[in-house]
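Peer 1: got a structure for you, letters missing:
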């Protein structure tokens with residue numbers, strides 16, 4: 001099964017950017033747990049993360065996104081097709097690759113993920129917002145998958161049903177990411193969301209099904 005080549009080591013600029021992003025996210029979730037989701041202000045996040053208001057909004061489109069996570073700006077059109085074309089006939093793995101190609105890196109901060117999981121469990125308002133963001137990302141993935149299948153019907157596994165296949169593939173990817181999240185939550189700091197982990201999670205799902 002095709003896999004990506006080992007990525008080049010991150011440069012200093014990328015590491016600094018990710019450190020700032022992690023600091024904003026950590027500050028945001030900690031404050032939400034301490035004060036309640038609705039009571040967190042942009043000013044409080046900036047003060048704890050030691051960043052300016054303009055820096056926060058350079059990284060996140062809204063206060064809510066800083067707390068529960070922003071919707072992934074999934075690549076579309078020719079950019080999405082170029083990623084999916086790397087794995088013809090492997091739509092789920094292609095969509096997994098598309099997610100992280102859209103993000104720009106394959107790192108997940110396990111500390112932030114763990115706190116967000118706690119926040120979602122404890123505060124319904126945060127859980128609702130997080131669910132909406134997941135749905136938005138899912139819709140974008142489905143659109144990219146459906147477009148790909150319509151352009152390449154010979155690769156479809158469900159003949160004549162590109163919309164249904166795109167939906168099933170996207171939901172399978174989400175299920176595998178949920179399995180992978182169990183490992184992230186037991187880690188510390190940044191961890192890589194690798195294709196090997198994804199393939200292992202998919203094997204586990206297939207075994208259960």
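Peer 2: Perfect, thanks for sending it. Just so it is clear, the structure is predicted and the values come from calculations on it, not from any experiment.

Peer 1: what sits closest to residue 59 if chain neighbours are left out?
Peer 2: Closest residue to residue 59 apart from its sequence neighbours, by CB to CB, 6 or more residues apart in numbering: residue 21 at 5.4 Å. All C-beta atoms are positioned from the backbone trio N, CA, C, and that covers glycine.

Peer 1: my guess is the one you found contacts residue 55. True?
Peer 2: No - contact criterion CB atoms under 8 Å: residue 21 and residue 55 do not qualify, at 10.1 Å.

Peer 1: what's residue 113 in contact with, if anything?
Peer 2: 181, 184, 185 (CB atoms under 8 Å, 6 or more residues apart in numbering).

Peer 1: recalculate using a threshold of 10 Å.
Peer 2: Each residue near residue 113 by CB atoms under 10 Å, 6 or more residues apart in numbering is listed here: 25, 29, 69, 181, 184, 185, 187, 191.

Peer 1: cool, and residue 155?
Peer 2: If you count contacts by CB under 10 Å, 6+ apart, then residue 155 has 84, 87, 88, 89, 90, 91, 94, 148, 149, 165 around it.

Peer 1: contacts for stretch 196-206?
Peer 2: Counting by CB under 10 Å, 6+ apart, residues outside stretch 196-206 touching it are 1, 3, 90, 92-93, 95-97, 99-100, 172-173, 175-184, 191, 194.

Peer 1: pLDDT on the longest helix seen in the chain, on average?
Peer 2: Determined from DSSP state H, the single longest helix within the chain is helix 124-151. Across helix 124-151, the average pLDDT comes to 94.

Peer 1: tell me the helix or strand right after that helix.
Peer 2: Scanning forward in sequence from helix 124-151 by DSSP states H and E, the next helix or strand is helix 162-185.

Peer 1: and the angle from that next one to helix 124-151?
Peer 2: Here the directions of helix 162-185 and helix 124-151 differ by 130 degrees (axes from the mean of the first three to the mean of the last three CA atoms, to 10 degrees).

Peer 1: correct me, but residue 111 touches residue 188?
Peer 2: Yes - using CB atoms under 10 Å, residue 111 is in contact with residue 188, at 6.7 Å.
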